[in-house]
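Asks: Sequence plus predicted model, see below.
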Amino acid sequence: MVEDRASIAGLGYEQVRPGMVRPELDGKKVWLYGWAHEIRDLGSLFFIVLRSWDGICQVTFSRSTLEKVYLEALDSLTRESVVRVWGTVRVAPQSRLGVEVKGEGIEIVARAVEKLPYDVTGKVSASMTTRLNYRVLDLRKPVNTSIFLIADTVFEAIREFLRVQGFIEVRTPKIIATATEGGAALFKVDYFGKSAYLAQSPQLYKEELVTVFERVFEIAPYFRAEASHTRRHVSEFTSVDIEAAFMNYEDVMRVLEEMVAYVIKRVVEDRRRELELLGVSLRPPKTPFKRITYDQALKDLEELGHHKSWGGDLETPDLRHLAKKYTGFYFITHFPTAIKPFYIQPDSMNPQVSESFDLMYQWLELASGGTRISDPALLRRRLEEQGLNPESFKHHVEVYSYGMPFHAGWGLGFERLLMVITRLTNIREVILYPRDRFRLTP
RNA sequence: GCCUGGGUAGUAUAGCCAGGUCUAGUAUCGGCGGCUGUCGCCCGCCGGACCCGGGUUCAAAUCCCGGCCCAGGCGCCA
């Protein structure tokens, strides 16, 4: 009888993962851990579909050749229980997977309750609320696991790309003293009796850091207390930010489009199985991306029969209309200075517009950025024009007097990029534990 | 902040508009039994639900009012 890990090892059994069981292993003696994804009891034959994050495999038991303890284990097995099984890999033309493990023994490592609140096999659909309430069970569904395996590749590819470009990864504070940019509503926290806020962006810190490292990037969570309730807003999201000295908006746009193209190329290469599970056929986009100015966007809207007067921000309905003309990735540049944050550089020829851009995918805004103001006097003036108190930005403005190079940068919504890659339409699906206006748990 | 839609077994739904054989149907699920090639296994039996409170009515899952909870959209933004 094969009872424990040591004796299995002694008998020449090797540990494999469920996703590793392939026809090439035919005849090999293996043992593996996994979750009982599906159980099919045919009487004398007993099938378990064993699942882990990297895949599934079928384990087949023949009752007549099994010892009593293992028969008892089979009879008490519940879906989603963690089991350890051992046996021999064999090519199985009768099985859809083409290969299976002929089980010789099984041990229940951690038993799951009989009545699960959620169907991991997906036979019955679940609402978004139910999915998020039982998020770990939802995440075990191979299609959902895939999203986060892709996310892992996206993280890796972003870091790799930016490091090669000479960017240094930094971490800036997420608890801050003042509202950094105005605009977005912030979460107030008690900070030893003082008022503090959760950061809405690393903007001011990353600009200061270019005076040290020249090129910095940060991937971090940010917080917005906006009461938005849409499929593309959450109160805690991940932003990929860069800031670079001696670059202008055009330089950082190139960094952005090349990075996006590289990330998608890596996902296509490294996550074929996951893309297939999601039913997504993905192709790396061609660069450079299309660029249109804000003025051009207004003209296009006019042509599409939607008049919009100059100076206002492009609103959701406008962007939906534009998406009819511009498919895939494209940039909108030169927004009116008045509707951009105080730190954005006005165009030197025409200060009414700014050296700014948004990266769009159809009507979804993925990133925004631009050349930043580096002149302290101009920065002070812009703060006042936007109705902000220069006194509360004292420490920040000060830095501009100590040798501030011209610089530019952007912030990219990580989850929104992930939505584009996975073709999912609700941002909550691409966040492990999303936080929105009405959800704080799990 | 504003607007719209919705809450029926563990899950997903039918029923609601046109109140009455709804003792609330179906699928999945769970329990028991059967089955040697299942793979969304199959077959038989069993189990389990109308969000909360008030009102209208002979009669409420269904109509009305209030509450709670949820989904989506807008503004704003990533």
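Replies: Structure received.

Asks: Around RNA strand B, pick out the residues from the stretch 51-200 of chain A.
Replies: A:58, A:60, A:62, A:64, A:78-79, A:92, A:94-97, A:100, A:102, A:114-119, A:121, A:123-130, A:132, A:183-184 (CB under 7 Å from any atom of the strand). C-beta here means a position set from N, CA and C on the backbone, and glycine is covered the same way.

Asks: switch to 6 Å and redo it
Replies: A:58, A:60, A:62, A:64, A:79, A:92, A:94-97, A:100, A:114-115, A:117-119, A:123-130, A:183-184 (CB under 6 Å from any atom of the strand).

Asks: Residue A:365: which element?
Replies: strand A:364-372 (DSSP states H and E).

Asks: Report the buried residues of the helix or strand following that strand.
Replies: Under the assignment DSSP H and E, the closest C-terminal helix or strand after strand A:364-372 is helix A:376-385. For helix A:376-385, a neighbour-count test (16 or more other CB atoms under 10 Å) marks A:379-380, A:382-383 as buried.

Asks: same check, this time on stretch A:245-253
Replies: A:245, A:247-249, A:252-253.

Asks: Check stretch A:48-57 too.
Replies: Buried, per 16+ other CB under 10 Å, within stretch A:48-57: A:48-53, A:55-57.

Asks: Residues contacting that stretch, please?
Replies: A:17-21, A:32-40, A:58-59, A:61, A:77, A:83, A:85, A:97, A:99-101, A:103, A:106, A:140, A:142, A:145, A:149, A:273 (CB atoms under 8 Å, 6 or more residues apart in numbering).

Asks: now stretch A:419-436
Replies: By CB under 8 Å, 6+ apart, the residues outside stretch A:419-436 that reach it are A:128, A:132, A:135, A:139, A:144, A:147-148, A:150-151, A:154, A:229, A:231-237, A:263-264, A:267, A:278-280, A:282, A:361, A:364, A:366, A:415-416, A:418, A:442.

Asks: List buried members of these by neighbour count.
Replies: Members of the contacts of stretch A:419-436 classed as buried by 16+ other CB under 10 Å are A:132, A:135, A:139, A:144, A:147-148, A:150-151, A:154, A:232, A:234-237, A:263-264, A:267, A:278, A:280, A:282, A:361, A:364, A:366, A:415-416, A:418.

Asks: Which members of the residues you listed occur in strands, if any?
Replies: A:236-237, A:361, A:364, A:366 (DSSP state E).

Asks: Take the buried ones among the contacts of stretch A:419-436 and keep only those in helices.
Replies: A:132, A:135, A:139, A:144, A:147-148, A:150-151, A:154, A:263-264, A:267, A:278, A:415-416, A:418 (DSSP state H).

Asks: As a check, name the ranges of all strands in the stretch 301-442 of chain A.
Replies: For the stretch 301-442 of chain A, the strands defined by DSSP state E, counting those that start in this stretch cover A:329-333, A:356-361, A:364-372, A:407-413.

Asks: typo on my end, it should be the stretch 1-150 of chain A
Replies: A:14-15, A:29-41, A:45-52, A:55-62, A:82-91, A:99-110.

Asks: Take those and write them to JSON lines, including distance to residue A:336 and mean pLDDT.
Replies: Listed next are those as JSON lines, based on distance: least, CB to CB, whole Å; pLDDT from 0 to 100:
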{"stretch": "strand A:14-15", "distance to residue A:336": "62", "mean pLDDT": "92"}
{"stretch": "strand A:29-41", "distance to residue A:336": "54", "mean pLDDT": "94"}
{"stretch": "strand A:45-52", "distance to residue A:336": "53", "mean pLDDT": "95"}
{"stretch": "strand A:55-62", "distance to residue A:336": "52", "mean pLDDT": "95"}
{"stretch": "strand A:82-91", "distance to residue A:336": "58", "mean pLDDT": "95"}
{"stretch": "strand A:99-110", "distance to residue A:336": "59", "mean pLDDT": "94"}
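
Asks: Not counting residues beside it along the chain, what's closest to residue A:169?
Replies: In space, and not counting its chain neighbours, residue A:169 is closest to residue A:217: 5.8 Å by CB to CB, 6 or more residues apart in numbering.

Asks: How is the one you found assigned, secondary-structure-wise?
Replies: What DSSP: H, G, I helix; E, B strand; the rest coil gives for residue A:217 is strand.

Asks: show me what contacts it?
Replies: A:162, A:167-170, A:240-243.

Asks: Can you flag which of the residues you listed belong to strands?
Replies: A:168-169, A:240-243.

Asks: just the residues you listed now: which is nearest residue A:355?
Replies: residue A:243 (14.3 Å; CB to CB).

Asks: Next up, the contacts around the closest residue to that closest one other than its chain neighbours.
Replies: Sequence neighbours aside, residue A:409 is the residue nearest to residue A:243 in space, at 3.5 Å (criterion: CB to CB, 6+ apart). Residues near residue A:409 by CB under 8 Å, 6+ apart: A:206-207, A:210, A:241-244, A:252, A:369-370, A:372.

Asks: how about those residues in JSON lines, adding pLDDT?
Replies: Shown next, in JSON lines, are those (pLDDT from 0 to 100):
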{"residue": "A:206", "pLDDT": "96"}
{"residue": "A:207", "pLDDT": "96"}
{"residue": "A:210", "pLDDT": "97"}
{"residue": "A:241", "pLDDT": "97"}
{"residue": "A:242", "pLDDT": "97"}
{"residue": "A:243", "pLDDT": "97"}
{"residue": "A:244", "pLDDT": "98"}
{"residue": "A:252", "pLDDT": "97"}
{"residue": "A:369", "pLDDT": "95"}
{"residue": "A:370", "pLDDT": "96"}
{"residue": "A:372", "pLDDT": "96"}
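
Asks: Can you tell me which of those are buried?
Replies: A:206-207, A:210, A:241-244, A:252, A:369-370, A:372.
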